[in-house]
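[1] no sequence for this one, just the structure:
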């Protein structure tokens, strides 16, 4: 599970965009990335971000912010 974030970040920008823009798949990908980052770091910020995406991340708003941020920086917010 800890390697999922590394796998996701190693994909091309186009593949990451496609994965995030598919409605249910995008939410699952975000959850897996956030969970793997929490398991890697084990800090409070990673836990809060993971829980935020569990309860609120299924909506389009957080996903849209992450997609825009990923297009600019190449990785998700607080998941580098």
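    Okay, I see it. Computed from a predicted model, the values in this text were never measured in an experiment.
[2] for the stretch of helix or strand residue 33 belongs to, packing partners?
    Using DSSP states H and E, residue 33 sits in helix 23-41. Where contact means 3 or more CB pairs under 8 Å, 6 or more residues apart in numbering; DSSP states H and E, helix 23-41 is packed against helix 4-10, helix 13-21, helix 44-55, helix 60-73. For the C-beta atoms, the positions are set from N, CA and C on the backbone; glycine is no exception.
[3] contact partners of that helix?
    1-5, 8, 19-20, 46-47, 49-50, 53-54, 57-58, 62-63, 66, 76, 78-79 (CB atoms under 8 Å, 6 or more residues apart in numbering).
[4] rebuild the helices and strands packed on helix 23-41 as TSV, extending it with distance to residue 38 and mean pLDDT.
    Shown next, in TSV, are the helices and strands packed on helix 23-41 (distance: least, CB to CB, whole Å; pLDDT from 0 to 100):
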stretch	distance to residue 38	mean pLDDT
helix 4-10	10	90
helix 13-21	19	93
helix 44-55	4	90
helix 60-73	16	89
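[5] quick one: the most centrally placed residue in the chain from residue 42, how far?
    By CA atoms, centre = their mean, the mean C-alpha position of the chain lies nearest to residue 30, the distance being 3.3 Å. Using CB to CB, to the nearest Å, one gets 19 Å for the distance from residue 30 to residue 42.
[6] that older thread, buried stuff in the helix holding residue 33?
    Judged by neighbour count (16 or more other CB atoms under 10 Å), helix 23-41 contains these buried residues: 26, 27, 29, 30, 31, 33, 34, 35, 36, 37, 38, 40.
[7] out of these, which one sits closest to residue 15?
    Closest approach between the buried residues of helix 23-41 and residue 15, by CB to CB: residue 29, at 10.6 Å.
[8] tell me the pLDDT at that closest one?
    On pLDDT, residue 29 comes in at 92.
[9] just the buried residues from the contacts of helix 23-41, in ChimeraX please.
    Listed next is the ChimeraX selection for buried residues among the contacts of helix 23-41, using 16+ other CB under 10 Å:
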select :4,5,8,19,20,46,49,50,53,57,58,62,63,66,76,78,79
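[10] need the contact list for residue 20.
    Taking CB under 8 Å, 6+ apart, one finds 26, 29, 30, 63, 66, 67, 70 in contact with residue 20.
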